[in-house]
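> structure for the following, please:
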Amino acid sequence: MSSSVRSTKSSRNTAIFTYDSTQSQTTDHRTRHETNDEDMDRLVSDCVKYMLIMDNKKTAIKRSDIVKAIVRKGQTEPKGQAFKGLIDKVRLRLDQVFGIQLVDCPDKTNEYILVNKMNNKEIECRSDVQMYRTSVLSLVLSVIFMNGQSCAEHIMWNFLAKLGFDVNSKSQLLSINDEPSNNVTIKKMMTEQWVRQLYLKYDRMDGSDPITHEFRWGVRAEHEFKEIDILQFVCNIYNDSSKPEDWRSQYDKCQQHNDLDNEIHIITD
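Residues are numbered from 1 along each chain as shown. Below you'll find the model as predicted:
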């Protein structure tokens, strides 16, 4: 029995699916001891649907949760090379059909995130809340980038305060649908929500006494934001005639990463 899927409206060009896991896991009367081509096609389809749904939360998608959602009773769980083959097919379909990149989380084994390759072109379709959150996130990422890829939290709080942001003040402009309260603070968003969503890393600084933390870019930020765009964002903040090239150290870093990305694309093409 195939999964039950309903299409609902989304800000993306594609639809968001409502996944009926109970039907997906309905017992198949035939006991399966291996994954044949028909099973694999069904697993790929269900895995793609499940990942698109879970991506709404912007948190890492775990292998264990994928298996629970798509493997039916009586069917052998794909392991080792079989699971790798499944993920490779899912990765290809997400890219070709939806324009979405499946990214392995470098800090955690068997966890994945989805990155919309059309992200920058869709910014005009976002709501006021989404636009505000993206602007604040861009600002935070720029502070980290301009400070050499990491930024101590006290430097971050002081910088935001100088720009008029009260990081402890609640704002409806930061709220999203799945939050328990209507209002959240910038500090909570930065140290909890964006950390869960892998936009930011918030780690204790080695040897700090009293204990303090630092911010760094998370894996999702590394794939959704280009450093050169962040550098241009900094130039826009200053609202003068400065160009990215004027920030020599940061500009050179952008060029190095861009050259590396080009080499990777050549190898994988």
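> okay, residue 70: pLDDT?
At residue 70, the predicted lDDT confidence score is 91.
> again with residue 100
Looking at residue 100, its pLDDT reads 86.
> domain assignment for this protein?
Domains of the chain are assigned by automatic domain parsing as 5-119, 122-268.
> now the strands for this protein?
Secondary structure of the chain (DSSP state E): strands at 5-8, 16-19, 61-62, 100-104, 111-116, 151-152, 170-171, 184-185, 200-204, 213-217.
> just to revisit the earlier point, need the least confident one among the domains of the chain, by mean pLDDT.
Minimum mean pLDDT among these: domain 5-119, a mean of 75.
> and that one, how far out from the chain's middle?
For domain 5-119, the gap between its own C-alpha mean and the chain's C-alpha mean amounts to 16 Å (Cα atoms, centre = their mean, to the nearest Å).
> tell me which of the strands of the chain lies nearest to residue 227.
strand 213-217 (9.0 Å; Cβ to Cβ). Just so you know, the C-beta spots here come from the backbone N, C-alpha and C atoms, and that holds for glycine as well.
> packing partners of the closest one?
helix 128-146, strand 151-152, helix 153-162, strand 200-204 (3 or more Cβ pairs under 8 Å, 6 or more residues apart in numbering; DSSP states H and E).
> switch the ones you listed over to TSV; also include mean neighbour count and distance to residue 53.
Shown next, in TSV, are those (neighbours: other Cβ atoms under 10 Å; distance: least, Cβ to Cβ, whole Å):
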stretch	mean neighbour count	distance to residue 53
helix 128-146	18	19
strand 151-152	17	34
helix 153-162	14	33
strand 200-204	16	24
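> turn these into CSV, including distance to residue 90.
Converted to CSV, the helices and strands packed on strand 213-217 look like this (distance: least, Cβ to Cβ, whole Å):
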stretch, distance to residue 90
helix 128-146, 27
strand 151-152, 35
helix 153-162, 37
strand 200-204, 26
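> looking at the ones you listed, which is nearest to residue 93?
That would be helix 128-146 among those, by Cβ to Cβ, at 26.5 Å.
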